[in-house]
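**Q** with the sequence up front, the predicted model follows.
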There are 2 protein chains.
Amino acid sequence: MAKDGAELPEFRFAPRLHAGIPGVAPPCAACSIRDMSICGALETDELAKLAAVATTSNISGDQTIFQEGDPAEALFNVTGGTVKLHKLLPDGRRQITGFLFPGDFLGIAAADIYAYTAEAVGPVKLCRFPRGRFERLLEDIPHLERQLLSVASNELAQAQDQMLLLGRKSAKEKIASFLLLLERRQVQRGGEAAPVAVPMSRADIADYLGLTTETVSRTITQLKTVHTIRLLAGGKIELVDHDALEDLAEGM
Amino acid sequence: MAKDGAELPEFRFAPRLHAGIPGVAPPCAACSIRDMSICGALETDELAKLAAVATTSNISGDQTIFQEGDPAEALFNVTGGTVKLHKLLPDGRRQITGFLFPGDFLGIAAADIYAYTAEAVGPVKLCRFPRGRFERLLEDIPHLERQLLSVASNELAQAQDQMLLLGRKSAKEKIASFLLLLERRQVQRGGEAAPVAVPMSRADIADYLGLTTETVSRTITQLKTVHTIRLLAGGKIELVDHDALEDLAEGM
DNA sequence: CGATATCTTGAGGAATCTCAATACTAGTGG
DNA sequence: CCACTAGTATTGAGATTCCTCAAGATATCG
């Protein structure tokens, strides 16, 4: 499936609106996803301070951003592409704890080592903040700490939904929930609602939902057979019977 | 099993050490778990401000503290007993997303309604902060916001561990992980390491681990039969072969 | 000491996993 | 431009874990 041909729609177009904010250095000034990220709520001068410590980077498919156990040296904003976070058991069993999309913040950690691995799903663009400098900024920028708390609260709520999914939903319910999540996230970051882009592999989906690739595949086939969804080219999926999916996702 | 006979060891003894901090109103001054809670890191004057908006309450077994969907009107500190958080599917399937013990903070929410239900497991003591006043305090007490962020980060890390457990561990591994978690939390709040108190029912454990009560019961029996654990009176469990449990918990 | 809830144990069944083979798909090189 | 290759996805058959339903044992509380 689309593994590297993945697109970065956020960067296809010229920088929008706020292209030239006075006093704010690029790349922030031209950042198309700024309003969807923690940067969105900052004042111009605050943004300038943040921009001063930020560097950007591009990485490509399946490259590791950081590994579970590494010293937590930086925090990141995803500005393009998809990132997956995962934890491993010693025997190789893997649980993906989240997928991140443009605008998502990465690296909030309680300890000084990362508790999970972050890996690119296809080409990814990142904005990197060294931890030390970032933490010093927290003193300086009151809005920033508030933003972080809000990000953390949201992730916590998402994590709880995911626990309900992992612990109590059937394979079909899991897949339905997942497709609706992808759709929601896609709309949230300003994309079209349909069709839903599915940039990750069946194996990734399986490790996110606590299933095997085979079960993911079978279940998707099943939903396709009853015309609830339709598989399109480029790994996109059309949610034909949206209501049916929502009922499924809630276990009804 | 011990359902109501549950003890509140934190309150069996007279208030400790910091019984009389000048300028800080009871109940905070006499709070035995203060050092383990968000209050622990506050300065005397900050604590006084916090104390001014706090009220205490006692609730008993299986009473609801708040429900999923209720307006998020307050935040809480657990000062005694055990609290369980859960989410429901429409057909009644339940996932417990966490157990809280003395010192734990409750109610960090992204939205203005609670995303989960909080219920007492046996008698519980709470310290209640009305949301509006609490949020105003955040402006006033810089330490407090930092503390909240730290609490949220820790919960996030715990949530990720739990996702790994729910998605990828076997029943035996789940039970082993759970017993070790209970032990860790017990030590963390200043208790003895052995035996481990298990105040919640088999049904609660099942709903926390994504299993059924029968499987929980069978698995515990199995661990008992091979002398990895021993069941004691009052719902306590002795972790006889600690190393075996740790290996099991990590899937080795 | 009896009533009720909780826990344990048993037998059979269902969902999901494992192992294995086949079919795609995308990129590669002739 | 097409066949080839390697990775990924799908499909199939059988195994396994865990669940469901049901009965019996134990504990707790009035």
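**A** Here it is on my side, so go on.

**Q** who's in contact with the residue nearest to residue A:64 when sequence neighbours are not counted?
**A** Among residues not flanking residue A:64 along the chain, residue A:119 sits closest, at 5.2 Å (C-beta to C-beta, 6 or more residues apart in numbering or on different chains). From N, CA and C alone the C-beta is placed, and that goes for glycine too. Going by C-beta atoms under 8 Å, 6 or more residues apart in numbering or on different chains, residue A:119 touches A:62-65, A:83-86.

**Q** ok, of those residues, which come out buried?
**A** Using 16 or more other C-beta atoms under 10 Å in any protein chain shown as the burial test, the contacts of residue A:119 include A:65, A:83-86 as buried.

**Q** tell me the domain boundaries of chain A?
**A** A:9-148, A:169-249 (automatic domain parsing).

**Q** export those domains to TSV and tack on distance to DNA strand D and mean pLDDT?
**A** Below are the domains of chain A laid out as TSV (distance: least, C-beta to the nearest atom of the strand, whole Å; pLDDT from 0 to 100):
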stretch	distance to DNA strand D	mean pLDDT
domain A:9-148	8	86
domain A:169-249	3	96
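
**Q** residue B:192: which of those is closest?
**A** Nearest to residue B:192 among the domains of chain A is domain A:9-148 (25.6 Å), distances taken as C-beta to C-beta.

**Q** near DNA strand C at all, the closest one?
**A** No. Using C-beta under 7 Å from any atom of the strand, domain A:9-148 stays clear of DNA strand C, with a minimum separation of 8.1 Å.

**Q** can you give me how far that domain is from the chain middle?
**A** 10 Å (C-alpha atoms, centre = their mean, to the nearest Å).

**Q** hey, where'd the helices end up in chain A?
**A** A:44-53, A:131-140, A:142-168, A:171-188, A:202-209, A:213-225, A:242-249 (DSSP state H).

**Q** closest one to chain B among the ones you listed?
**A** Relative to chain B, the nearest member of the helices of chain A by C-beta to the nearest C-beta is helix A:142-168, separated by 3.1 Å.

**Q** how about the closest one and chain B, touching?
**A** Yes. Judged by C-beta under 8 Å from any C-beta of the partner chain, helix A:142-168 comes into contact with chain B through A:145-146, A:148-150, A:152-157, A:159-164, A:166-168.

**Q** can you pull the buried residues of that helix?
**A** Across helix A:142-168, burial judged by 16+ other C-beta under 10 Å covers A:144-168.

**Q** got it, and stretch A:99-113?
**A** A:99-110.

**Q** taking these together, which two end up most distant?
**A** Pairwise distances across these peak at 25.2 Å for A:102 and A:110 (criterion: C-beta to C-beta).

**Q** picking that back up, any chance of TSV for the domains of chain A, columns distance to residue B:230?
**A** Shown next, in TSV, are the domains of chain A (distance: least, C-beta to C-beta, whole Å):
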stretch	distance to residue B:230
domain A:9-148	27
domain A:169-249	31
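
**Q** which stretch among the ones you listed comes nearest residue B:213?
**A** Closest to residue B:213 of the domains of chain A is domain A:169-249 (C-beta to C-beta; 18.9 Å).

**Q** what's the span of that closest one from first residue to last?
**A** End-to-end span of domain A:169-249 (C-alpha to C-alpha, to the nearest Å): 8 Å.

**Q** so that domain, near DNA strand C or not?
**A** Yes. On the criterion C-beta under 7 Å from any atom of the strand, domain A:169-249 is in touch with DNA strand C at A:170-172, A:210-212, A:214-215, A:233-234.

**Q** neighbour-wise, which of those leads?
**A** Among those, residue A:210 has the most neighbours (other C-beta atoms under 10 Å in any protein chain shown), with 24 neighbours.

**Q** enumerate every residue touching that one.
**A** A:95, A:166, A:174, B:166-168.

**Q** nearest to residue B:139 among the buried ones among the contacts of residue A:119?
**A** Once C-beta to C-beta is applied, the member of the buried ones among the contacts of residue A:119 that ends up nearest residue B:139 is residue A:85, at 32.6 Å.

**Q** thought the closest one was touching residue A:117?
**A** Yes. With contact defined as C-beta atoms under 8 Å, residue A:85 and residue A:117 form a contacting pair (6.9 Å).

**Q** reformat the contacts of residue A:210 as CSV; add distance to residue B:44.
**A** Listed next are these as CSV, based on distance: C-beta to C-beta, whole Å:
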residue, distance to residue B:44
A:95, 44
A:166, 44
A:174, 50
B:166, 42
B:167, 45
B:168, 46
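
**Q** of those residues, closest to DNA strand C?
**A** residue A:174 (7.4 Å; C-beta to the nearest atom of the strand).

**Q** looks like the closest one contacts residue A:168 (just checking).
**A** No. When contacts are counted by C-beta under 8 Å, residue A:174 is not listed as touching residue A:168 (9.9 Å).

**Q** report the contact partners of the residue positioned nearest the centre of chain A.
**A** For chain A, the residue nearest the mean C-alpha position is residue A:100 (1.0 Å; C-alpha atoms, centre = their mean). Contact analysis of residue A:100 by C-beta under 8 Å, 6+ apart lists A:78, A:82-85, A:106, A:118.

**Q** near chain B, which of those show up?
**A** Restricting those to contacts with chain B (C-beta under 8 Å from any C-beta) yields residue A:85.

**Q** of all the contacts of residue A:100, which comes closest to chain B?
**A** Nearest to chain B among these, with distances taken as C-beta to the nearest C-beta, is residue A:85, at 7.9 Å.

**Q** measure that closest one to residue A:135 for me?
**A** Relative to residue A:135, residue A:85 is positioned 21 Å away (criterion: C-beta to C-beta, to the nearest Å).

**Q** what of residue A:217?
**A** Residue A:217 is 44 Å from residue A:135, by C-beta to C-beta.

**Q** now swap in residue A:145 and tell me
**A** Residue A:145 is 10 Å from residue A:135, by C-beta to C-beta.

**Q** again, but for residue A:112
**A** Taking C-beta to C-beta, one finds residue A:112 at 11 Å from residue A:135.

**Q** ok, now residue A:198?
**A** For residue A:198 relative to residue A:135 (C-beta to C-beta), the value is 36 Å.

**Q** give me the more crowded residue out of those two.
**A** Set residue A:198 next to residue A:135 and count neighbours by other C-beta under 10 Å: residue A:198 wins out with 22 against 12.

**Q** contact partners for the more buried one?
**A** The contact partners of residue A:198, by C-beta under 8 Å, 6+ apart, come to A:1, A:182, A:205, A:235-237.

**Q** quick one, which of the residues you listed are buried?
**A** Using 16+ other C-beta under 10 Å, the buried ones in the contacts of residue A:198 are A:182, A:205, A:235-237.

**Q** which of those sit farthest apart?
**A** Most distant of the buried ones among the contacts of residue A:198, by C-beta to C-beta, are A:205 and A:236, 14.3 Å apart.
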